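> got a sequence here, can you build the structure:
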Amino acid sequence: MEDYKKNKLKEALIYLKYLGFEKIDRRILNTPQISDLKKEVDVCSKCRLYKGRTKAVFGEGPSDAKLMIIGEAPGEREDELGLPFVGAAGKEIDFIFELAGVKRKEVFITNVVKCRPPGNRNPKPDEIDACNRYLRDQIKIIDPKVIVLLGNVALYLVTGSIGGITKSRGKKMRYLSRIAIPTFHPAYVVRNPGSRDLVVKDIKEALESIN
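Prediction:
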């Protein structure tokens, strides 16, 4: 019965769109919805990473965010709380947002993989591939105008190889038909504070690309 209701609602919305109601948000028609997708991620066992997780880190932010931030993988603190960027890198990204004039609550933040790799190592290609469907569905549902890729692992989504963030940083690319701007991961900025201004610049560029 629930599926029947959803299908009838979808048909009604499509008909209204046909009649000229242009302001109907097409994200309403997308399935699965964010809450359903999160339930899938929370119990996922598609790769080896699920064996060592405390909590899967789905991501957080508004489901209609215009800007999406994609990091690499959860760290220890993120794994404990089930939230993205709440450790040292989280404090750094919050500071970067402040300098760039961004409110965190207006941005959807997630990672390439949703479970913490052992010892905070980089996720392996097969782990990235196993998790990629969830990320793609997040992007489809949220429909951001611009994506910022934090670090080499996130850049892998576009290039297919892990590495090259220094050369690619700040250059506009395309990922799933959206503008994607690679920049340094905030964990790198913590170790190299001189790079902070570059990341702020890239975030500002992302904001300008939205308008």
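
> every contact and neighbour count from this point should use C-alpha atoms.
Noted.

> buried residues in the helix or strand hosting residue 70?
For residue 70, the host element (DSSP states H and E) is strand 67-71. Buried residues in strand 67-71, counted by 16 or more other Cα atoms under 10 Å: 67-71.

> parallel or antiparallel, list what pairs with it.
strand 108-111 (parallel), strand 146-150 (parallel) (DSSP bridges).

> can you redo the buried residues of strand 67-71 as CSV with pLDDT and distance to residue 121?
Listed next are those as CSV, based on pLDDT from 0 to 100; distance: Cα to Cα, whole Å:
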residue, pLDDT, distance to residue 121
67, 98, 27
68, 98, 23
69, 98, 20
70, 98, 17
71, 98, 14
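
> show me the shaky parts of the chain.
By pLDDT under 70, the weakly predicted segments of the chain are 1-32.

> about what we covered before: hmm, who's touching the strand holding residue 70?
With contact meaning Cα atoms under 8 Å, 6 or more residues apart in numbering, strand 67-71 is reached by 106-112, 144-151, 153-154, 185, 206-207, 210.

> rewinding a little: just the closest of the buried residues of strand 67-71 to residue 163, please.
Checking the buried residues of strand 67-71 against residue 163 by Cα to Cα gives residue 71 as the nearest, at 14.2 Å.

> assign residue 105 to helix, strand or coil.
Here residue 105 takes the helix state, with states given by DSSP: H, G, I helix; E, B strand; the rest coil.

> alright, calling it a day.
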